Structure formats: structure tokens, C-alpha cells
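Trainee: The sequence and its predicted three-dimensional model are supplied below.
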Number of protein chains: 2
Amino acid sequence: MDDYYFEDFAVGETFVTGSESVSEEQIIRFAKEWDPQPFHTDVEAASRHELGGLFASGLHTLGLTFRLFIEMRVLAASNVAGAGLDNLRWSRPVRPGDTLHVEIETTEVRPSRSRSDRGYVAMHYVTKNQHGEPVLEFDLVHICRRRPTALAEAGE
Amino acid sequence: MDDYYFEDFAVGETFVTGSESVSEEQIIRFAKEWDPQPFHTDVEAASRHELGGLFASGLHTLGLTFRLFIEMRVLAASNVAGAGLDNLRWSRPVRPGDTLHVEIETTEVRPSRSRSDRGYVAMHYVTKNQHGEPVLEFDLVHICRRRPTALAEAGE
């Protein structure tokens, strides 16, 4: 899917990533570096937390989500950068042993008003566990380039 | 600041974290694991990117932001979990050598309607570089516990 450019994205199209399991060791290692709160880093402390045991940092789940979609290479050719992220909800805790995948739907495709070589592609991400339950949802707007040949033909 | 509970948060109060520098090695290492795009992982490829060189994954900047605030321990006693995140914008690229800190303002304090032992604390985060320029902004709602003694006095 390395050949996706701005004009190839279509509202309603859905991408489903591969899946990945999360281990207790990964949860603790990630959280110690980026989100050092006891319910993410300490099994004993987490057992006293009302969510009933260790769960992954929300940022860890977000990182897995980013990587699983990037590995599909839908964005490989065209992505300039992420513009912004909205409506993020951590719907359920992610536990050691959970296996996650991501379903991404293109929700808006809008040419840039100031730059003819690009546009905005809004996507709704839903990360789900092995039971099909959402654990994370958000909307992310990508800035995506048009296909270079299309620009050449347009005389740019 | 370990003694902050729900009832201690006040709208308009601002917290300023310590600062931390970001190295090229850290940018590449983080991105290889969580956001493997060439403009975050490859100095040579990034030099051809329109942003003119390597810049940190937005998720890396978000991780630094989380950790710098957690290290202040404002949330240490009361934070149950993050409920959601909105209006996130990556305003400027973060470059190797940049030094970041975070300014966090409490924007809303709202008791839970269903649980008398907690409430919602909304905070606006702005992460700035060494020039005082925002590189990241977002709103995050924390679920925070009330002080245990206050609950005891209320007969709960």
C-alpha cells in the first residue's frame, strides 16, 4: 500500500491492521519510561487499584495503535505529518496478555486551501482487544501529499 | 504535592514542570519502536522532508509531557485514570537539542454525578521549547479521588 496519495483516500474506506499482544513486562517497561504511575508499573500496587490489576498506560496503547497502522504502509508515501488529534477516549483497560488490532476508517478528505500539493485526511481509529471490545478511539487528521505525477500534469 | 485530592484542584491554577532536553538518539530510538516513519528515524531521509530535518514523533513529545507532569506528583494521590484527551495540536516540530517543559492549567473541576468519591479535573497542557514556543497543546480530563478523610466525615 505504498502507493496511496491524497487522491487515493476515500471516505468510508476501512483499514484493518495486524494484531499484537501486550505483555506485563512491556506494560511496566513502557510506563516506567513515559507514564510512571503505580497502577502501570507495579503489579502489587495495581492489585489494590479499583480497576483490579495492572493495565497499560493509555500512551502505550496509543503507541501500539500508531505502529500497527504505520506498518500497513497506507501512509508511507504521502504522510507529511499529523495535524491534530481529537475525541480520544480510553474505553477499557488493556491488560497483560491482551491482543490488540486497529480498525481505521477514512472520515473526511479535504484539499488544502493554501497548498495545492496536499490535503487533509481525517481518520477515525478504533483499537480493539481480542474480544472485539474497543479499548481506545480517536480521530486523527493526517496531512497527505498528492501524487507527484498528478502535480506535473497540472503544470505545478 | 502528593496531597492533592479532587477538592484541592482549582480552576485557573497553573503548574509548571521541570524541563528536559531531547537528543537525536532518543528521537530515533522512540520512533523506531512506536512511530517508524523515515522523518523520525533516519537523519538522511529527514533532511529531504519539507520540515527540514529530523523531528520527534508527536507521540514522543506527548510521552515527555506526561512524564514531566507525573514527576511533579500533583496527580500522585488522586488520579484514577485519564478519561479522555481532546484538541491535541502539534504546533511546531521538536528538534534534536530542544529543551521542553510543560505548563498545565486546571480549566474545569466537576464532581461525578454517579460516584460521590471522585470528580473530573480538566487540564489544558501546553508543552513549550526553550524559546517559549508551544510545540504541543491538548486538553486532558483526569478522574480524581476525593480525600479519604473527607469521605469518612461525610459518613461514606
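Mentor: Received, thanks. Numbers count the residues shown, from 1 in each chain, chains lettered A, B, ... in the order given.
Trainee: Show me which residues of chain A are close to chain B?
Mentor: Contacts of chain A with chain B, taken as C-beta under 8 Å from any C-beta of the partner chain, map to A:33-37, A:39, A:49-51, A:57-59, A:62-64, A:66-67, A:70-71, A:75-76, A:79-90, A:138. The C-beta positions use only the backbone N, C-alpha and C, and glycine is treated the same way.
Trainee: repeat that with 7 Å
Mentor: Within chain A, the positions near chain B by C-beta under 7 Å from any C-beta of the partner chain are A:34-37, A:50, A:58-59, A:62-63, A:66-67, A:70, A:79-80, A:82, A:84-90.
Trainee: Filter those residues down to just the ones in strands.
Mentor: A:79-80, A:82, A:84-89 (DSSP state E).
Trainee: List the contacts of A:V11.
Mentor: Listed by C-beta atoms under 7 Å, 6 or more residues apart in numbering or on different chains, the contact set of A:V11 reads A:106-109.
Trainee: what two of those residues have the greatest distance between them?
Mentor: Farthest pair in the contacts of A:V11 (C-beta to C-beta) is A:T107 and A:V109. Separation: 8.7 Å.
Trainee: Let me have the contacts of A:V11 in TSV, adding pLDDT and secondary structure as columns.
Mentor: Below are these laid out as TSV (pLDDT from 0 to 100; DSSP: H, G, I helix; E, B strand; the rest coil):
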residue	pLDDT	secondary structure
A:T106	98	strand
A:T107	98	strand
A:E108	98	strand
A:V109	97	strand
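Trainee: hmm, back to that, generate a PyMOL selection restricted to the buried entries among the ones in strands among the residues of chain A next to chain B.
Mentor: Listed next is the PyMOL selection for buried residues among those, using 16 or more other C-beta atoms under 10 Å in any protein chain shown:
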select buried, chain A and resi 79+80+82+84+85+86+88+89
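Trainee: Turn the ones in strands among the residues of chain A next to chain B into CSV, including pLDDT.
Mentor: Shown next, in CSV, are these (pLDDT from 0 to 100):
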residue, pLDDT
A:N79, 92
A:V80, 91
A:G82, 90
A:G84, 92
A:L85, 96
A:D86, 97
A:N87, 98
A:L88, 98
A:R89, 97
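Trainee: And the contacts of the longest helix along chain A?
Mentor: Looking across chain A with DSSP state H, the single longest helix is helix A:58-70. Outside of helix A:58-70, the residues within contact range by C-beta under 7 Å, 6+ apart are A:17-18, A:20, A:27, A:30-31, A:34-35, A:90, A:94, A:100-102, A:104, A:125, A:127, A:135-136, B:34-37, B:59, B:62-63, B:66, B:82.
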